[in-house]
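J.: need a structure here:
(chains A and B)
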Amino acid sequence: HGAPKLLLLLTALNTTLACQHLRPRDNTFAWDNLKILKIMAPTPSLPCQHYQQPFPDILRHIDQPQQAATVARQILYNLFAILSKQNIPQHWDVKARHDLLNNLHHYIQHLEHCMPANKMLIKRRGPRNLMLSINKYFKHIWDFLQTHSYSACAWDYVRIEARTCLQRMDTLIRRMK
Amino acid sequence: GQTNLTSPQDIQVYVVNTNFTLRWKYTGNDTNVTFSAEYQWFEDFNTDGIEWKELPGCQDVTHEECDFSSAITEYYDEYHLRIRTERKEEVSPWSSTFEMIPYDIAQIGPPEIELQSINGVIKIKVSPPEANKVQRMWVDYISFKYNLVIWEKSSNTKFRNQSIFPTDVIDDLAPDTTYCLKVQATRPLESKEGFFSPIHCVKTTRKVNVLFCATNVTVLALNMKFHLHWTNRYKQHVSYNVQYLRGYLKKLPGDYSKKWTNVSGCENITDTQCNFSSIISTVSGTFYLRVQAMNEYNKSCLSNEVEVVPLVTNEIGPPGVKVDISDDVLLHIQIYPPGGSESEVMRDHYDLSYRILYWDNSSNNEEEIKMKEIKQTIGTISDLAPSTLYCVKVQTFSVDYNKSSGFSKEECIKTPGGKILPLIILATFVIALIAVLLVAALLGFVLYQAYNKIKYVFFPSCQPPLNIEGFGEQLFNSPYWSTTEEPIENCSIIETIITEDLSQIYFKDYKHSKQSSRDSGNYSNEDDTSGSKASEETLEKEII
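T.: Now for the predicted structure:
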């Protein structure tokens, strides 16, 4: 029992030390991208009616930096996938979108390189259920877009959820240290 | 009612994308049996009082497998399945329950691939699994990573594994050779590897070297100013277009080749360099750059791509330095961060530090160079000797990115004299003064003594013997007899008397001694005269 745990600890330590340049960007990642999101997708003039699903409790069951990194990657992948769809609304700023997507992608790559996913950490029921909750949350957003035929209001819902995502990401990133 | 029908055993569920298959084994002897399954759906992990429902697609099934895809809509919830054997009215007991979360056991189906053999390379386009499907297991298809396996058809053993983008180019291949390949989609985050696509084989063409292509495309970046440089052996009538692509676009499925954009300011140029700082809008992120060369016949050729990761590709320049000295022998160094207008960007992302090197330049020997590392832009050095010329140079570095700049210009400054130095000078002066005085006094004393001695030797003072009382006393007192006439006269007279007396005295003495020694013998005058000479000799001996 001791050996796998020790290996995990050593792996975590090694990657944390190896990727120190993650740190300066950590503090501003969420904030920088919230700004870009605001530029990309402004609040609509006519308010849309939204059903807001609760964001998964991502901080529960996370007690290790690598777990936090895995959850962060999961969220960012999903966010990246949705925002890179071809049929985004026309009134969204193209350059800001490029910047946001580039940032998300780069940070994901960084997490992949510096804190590779470890299946052992997600085996326990708590973290495993969390990963599933996140997937479910994003699937709901996809389905919502589809059901509402990618309307402007449907995309506005995406904007609100993206904002929530980035806000929670900030707390999650602090857990990665 | 229940009879002796055997329950199905070894229940397995296979999930590929959104296709759900239930499989089991029936070990009983009975024929003409059918199988029916039930399921429970635990929405949001709620496990209280859920009823068993009939599993659609798995009712009255004759084979040992059934497809129940239509029943499963939520891929992250837990489902329980069970199945039993049936024959008319007879039913077997329920099998053991199979518990599953679809997403956990789902496998990735094979992707589709399109190949194009062109100019000695193979262009590949991969469509993700479930492309164009409405209902998807892998909602975020962006996060697939594709794994390519390629080998020469002729030799079945030389396999090559590489990771590719959804749209990619496979180069490093031999021309006019048939290659076979297959691709699988993977999800590293869940440690899932999908099924391989069917094997495709294609023959490579010969590579045509276009003469006027841009070659040796390199990036030089300093203080966040990015420049692209290239060379071209064929210089005549060639114009260039520099194009860029945001890195993340390679990650998206679909053809990104149309997404290359011209860099403004580097369109239709003849110069073999381009400043593309304007397109680096985000500090994080990857950018790809390439050069499109056009000749006079409007034929174009694309160069190799160059990947730019702004913070990694960029090099940090040296800082500006200004030195100042304060009275208490403290050296103050003012550092101006590199980059000018871009310095804030560099400071934020690189977490810059500065390495100060300082040394004593006044002595010619190889003094050791001292170092101090600081994070602020003002440094102070205190362990300095006074009245010394010190030189300073500074280097910028980033620990996180393992980067350091060149050194700034050397700045030299002389430290002021310390308070101790005047005191030392004063003390030295005083001591020297005292020493000189002492030596002078000693010398004076020695000279005085010497003078006295000399005076005594060359000009002795004349004192008469004690038995000549009064006579010559007055005359003898003056050491210089020749000064007055009177004394001279007197001295000369006296001198003769004395000499006669002296000789007489001596002879008398001798006589006495002679007489005394020869008391018994006769002593004649003749002996005396002859003996006077002899006695003079002996007298001399006695005197001596």
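
J.: can you count the residues close to A:Ala72?
T.: Using other CB atoms under 10 Å in any protein chain shown, A:Ala72 has 23 neighbouring residues. Placement of C-beta: from N, CA and C, glycine included.

J.: Can you tell me the element it falls in?
T.: For A:Ala72, the host element (DSSP states H and E) is helix A:65-83.

J.: ok, that helix near chain B or not?
T.: Yes - contact of helix A:65-83 with chain B (CB under 8 Å from any CB of the partner chain) involves A:70, A:73-74, A:77-78, A:80-82.

J.: Please name every helix or strand in contact with that helix.
T.: helix A:2-18, helix A:94-114, helix A:125-147, helix A:152-175 (3 or more CB pairs under 8 Å, 6 or more residues apart in numbering or on different chains; DSSP states H and E).

J.: so what does the longest one touch, helix or strand wise?
T.: Contacts of helix A:152-175 with other secondary structure elements, assessed using 3+ CB pairs under 8 Å, 6+ apart, are made with helix A:23-40, helix A:65-83, helix A:125-147.

J.: right, so those helices: which one is the most enclosed?
T.: Ranked by mean neighbour count, the helices and strands packed on helix A:152-175 are led by helix A:65-83 with a mean of 23 (mean count of other CB atoms under 10 Å in any protein chain shown).

J.: and the angle for that one with helix A:94-114?
T.: Angle of helix A:65-83 versus helix A:94-114, following axes from the mean of the first three to the mean of the last three CA atoms, to 10 degrees, is 150 degrees.

J.: And the average pLDDT for helix A:65-83 is what?
T.: Regarding helix A:65-83, the rounded mean pLDDT is 87.

J.: Check stretch B:97-116 too.
T.: 94.

J.: How far away from the center of its chain is it?
T.: In terms of CA atoms, centre = their mean, to the nearest Å, the gap separating the centre of stretch B:97-116 from the centre of its chain is 48 Å.

J.: do stretch B:248-262 as well
T.: For stretch B:248-262, the distance to the chain centre is 38 Å (CA atoms, centre = their mean).

J.: Just the endpoints, please. Distance across stretch B:313-321?
T.: 25 Å (CA to CA, to the nearest Å).

J.: related to what we said a few turns ago, using PDB, write out the CA atom coordinates for the helix holding A:Ala72.
T.: Written as PDB, here are the backbone C-alpha positions of helix A:65-83 (Å, rounded to 0.1, in the frame of the first residue of the first chain):
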ATOM      1  CA  PRO A  65      -2.800  19.300  -6.300                       C
ATOM      2  CA  GLN A  66      -2.900  16.600  -9.000                       C
ATOM      3  CA  GLN A  67      -6.600  16.000  -8.400                       C
ATOM      4  CA  ALA A  68      -7.200  19.700  -8.700                       C
ATOM      5  CA  ALA A  69      -5.200  19.800 -11.900                       C
ATOM      6  CA  THR A  70      -7.200  16.900 -13.400                       C
ATOM      7  CA  VAL A  71     -10.500  18.600 -12.600                       C
ATOM      8  CA  ALA A  72      -9.200  21.900 -14.000                       C
ATOM      9  CA  ARG A  73      -8.200  20.200 -17.200                       C
ATOM     10  CA  GLN A  74     -11.600  18.600 -17.500                       C
ATOM     11  CA  ILE A  75     -13.400  21.900 -17.100                       C
ATOM     12  CA  LEU A  76     -11.100  23.700 -19.500                       C
ATOM     13  CA  TYR A  77     -11.400  21.000 -22.100                       C
ATOM     14  CA  ASN A  78     -15.100  21.200 -22.000                       C
ATOM     15  CA  LEU A  79     -15.200  25.000 -22.100                       C
ATOM     16  CA  PHE A  80     -12.700  25.000 -24.900                       C
ATOM     17  CA  ALA A  81     -14.800  22.600 -26.900                       C
ATOM     18  CA  ILE A  82     -18.000  24.600 -26.500                       C
ATOM     19  CA  LEU A  83     -16.500  27.900 -27.300                       C
END
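
J.: got the angle for it vs helix A:125-147?
T.: With the same axes, to 10 degrees applied, the angle from helix A:65-83 to helix A:125-147 works out at 10 degrees.

J.: Quickly note the distance from B:Leu433 to chain A.
T.: B:Leu433 is 66 Å from chain A, where distance means CB to the nearest CB, to the nearest Å.

J.: since we're on that residue, how many residues are nearby?
T.: By other CB under 10 Å, 10 other residues sit near B:Leu433.

J.: which parts of the stretch 301-450 of chain B sit against chain A?
T.: Taking CB under 8 Å from any CB as the contact definition, the stretch 301-450 of chain B meets chain A at B:311, B:348-351, B:399-401.

J.: The helix ranked longest in chain B - contacts with which helices or strands?
T.: Longest helix of chain B, by residue count under DSSP state H: helix B:420-458. Helix B:420-458 sits against no helix or strand, with contacts defined as 3+ CB pairs under 8 Å, 6+ apart.

J.: Would you mind giving me the confidence score for A:Thr15?
T.: 48.
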